[in-house]
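**Student:** predicted model follows, preceded by the sequence.
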Amino acid sequence: MRKKLIVANWKMYKTPEQTTAFFDEFLPMVASHDRDEIVVCPPFVDLPVAVEAAEGSNVAIGAQNVHWEKEGAFTGEISAGMLTAIAVTHAIIGHSERRQYFNETDDTVNRKLETALEHGLTPIVCVGEVLEEREAGLTEDVLRRQCMRAFNGISAKKAAKMAVAYEPVWAIGTGKTATPQMAADAHTVIRLEAEKAFGKEFADGLRILYGGSVKPDNASALMAEEEIDGALVGGASLDPKNFTRIVKY
Ligand code: 13P
């Protein structure tokens, strides 16, 4: 049995003050919840207050991005070592918004994944097709390519902590959700690709999350799929009550 991972991706929302307010409300509501792992990924400036608020709780804190170099002249970037120095444990890598608006490529995803793993972070690697690709019947090809290139040159031993998130781009922020069956089919493709790269044992244990308009009222149907090992939640994770309902699907 793979323990499910429920992850909040706040994107570019909330100040430190709003972050503290979120945790004040959220933590007591999920305090006794140990069926699933819970991670919250706020913007970089909120990470210190988030880590402090969640210390000693059952909620882990993740970043939304990480650079592939250890340090250097990379204005505006944040390194894996900086994240682990403040006890951040997870990092989202290759989110479609980063691919779409910030020129993230399969190659940078691969480099970021390698660095994150080297630093002991738990990477959440995002893959997913855009609408035109789905309509052209290219979903499987896209997922295979994204996974193959992301996993390139990384050993199963090193990749042990990694999770993958399937986020069909057409379902993000649109209110359109992949059906549980569509998500399960995509997850099977991703798991096969992981098997090719890392072997069957690794692939069997790999957690593959679904993301894209996950809401309190569709979470339980999605999480009921055996292939779906958790959720990556955008909009509905900003409100502590909504996110709690998703965590407790
Ligand atoms: P929404 O839940 O707002 O559709 O966002 C999904 C997402 O991109 C999470 O990373």
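**Tutor:** Perfect, thanks for sending it. Numbers count the residues shown, from 1 in each chain.

**Student:** what residue in this protein comes nearest to the ligand?
**Tutor:** Gly234 (2.3 Å; Cβ to the nearest ligand atom). Where you see a C-beta, it was placed from the backbone N, CA and C, and this is true even at glycine.

**Student:** now for that residue: which residues touch it?
**Tutor:** With contact taken as Cβ atoms under 8 Å, 6 or more residues apart in numbering, Gly234 is in contact with Asn9, Trp10, Lys11, Ile172, Gly173, Gly211.

**Student:** residues in contact with the nearest residue to the second one once chain neighbours are set aside?
**Tutor:** Okay, so that is Trp10. With sequence-adjacent residues excluded and distances taken as Cβ to Cβ, 6 or more residues apart in numbering, Trp10 is closest to Pro42, at 4.9 Å. By Cβ under 8 Å, 6+ apart, Pro42 lies in contact with Trp10, Lys14, Thr19, Ala50, Ile61, Gln64.

**Student:** strands along this protein, start to end?
**Tutor:** 5-9, 37-41, 59-63, 90-93, 122-127, 163-166, 207-211, 230-233 (DSSP state E).

**Student:** rebuild those strands as TSV, extending it with mean neighbour count.
**Tutor:** Listed next are those as TSV, based on neighbours: other Cβ atoms under 10 Å:
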stretch	mean neighbour count
strand 5-9	25
strand 37-41	24
strand 59-63	23
strand 90-93	26
strand 122-127	26
strand 163-166	27
strand 207-211	26
strand 230-233	27
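
**Student:** close to the ligand: what parts of this structure are there?
**Tutor:** 9, 95, 167, 172-173, 211-214, 232-236 (Cβ under 6 Å from any ligand atom).

**Student:** mind checking pLDDT for Arg149?
**Tutor:** Predicted confidence (pLDDT) for Arg149: 98.

**Student:** quick check, it in contact with Thr108.
**Tutor:** No. Applying Cβ atoms under 8 Å as the test, Arg149 and Thr108 come out as separate, 10.2 Å apart.

**Student:** looking at those two, which has the bigger crowd around it?
**Tutor:** Thr108 (18 against 15; other Cβ atoms under 10 Å).

**Student:** got a list of contacts for stretch 199-207?
**Tutor:** 2-5, 156, 159-160, 162-164, 191-192, 194-195, 198, 229-230.

**Student:** residue most distant from the centroid, the protein?
**Tutor:** Ala73 (27.2 Å; Cα atoms, centre = their mean).

**Student:** next up, the contacts around that residue.
**Tutor:** Counted by Cβ under 8 Å, 6+ apart, Ala73 has zero contacts.

**Student:** sketch out the low-pLDDT regions of this structure for me.
**Tutor:** Within the chain, no stretch has pLDDT under 70.

**Student:** what about the helices in it?
**Tutor:** 16-30, 47-54, 80-85, 96-101, 106-118, 131-135, 139-151, 156-159, 180-198, 200-205, 219-223, 240-247 (DSSP state H).

**Student:** redo the ones you listed as CSV? Include distance to Glu69.
**Tutor:** Shown next, in CSV, are the helices of the chain (distance: least, Cβ to Cβ, whole Å):
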stretch, distance to Glu69
helix 16-30, 27
helix 47-54, 19
helix 80-85, 9
helix 96-101, 16
helix 106-118, 7
helix 131-135, 31
helix 139-151, 18
helix 156-159, 18
helix 180-198, 24
helix 200-205, 27
helix 219-223, 36
helix 240-247, 33
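
**Student:** ok, now which ones touch the residue most central in space within the chain?
**Tutor:** For the chain, the residue nearest the mean C-alpha position is Ile124 (4.1 Å; Cα atoms, centre = their mean). Going by Cβ under 8 Å, 6+ apart, Ile124 touches 5, 7, 39, 62, 90-93, 162-165, 209, 232.
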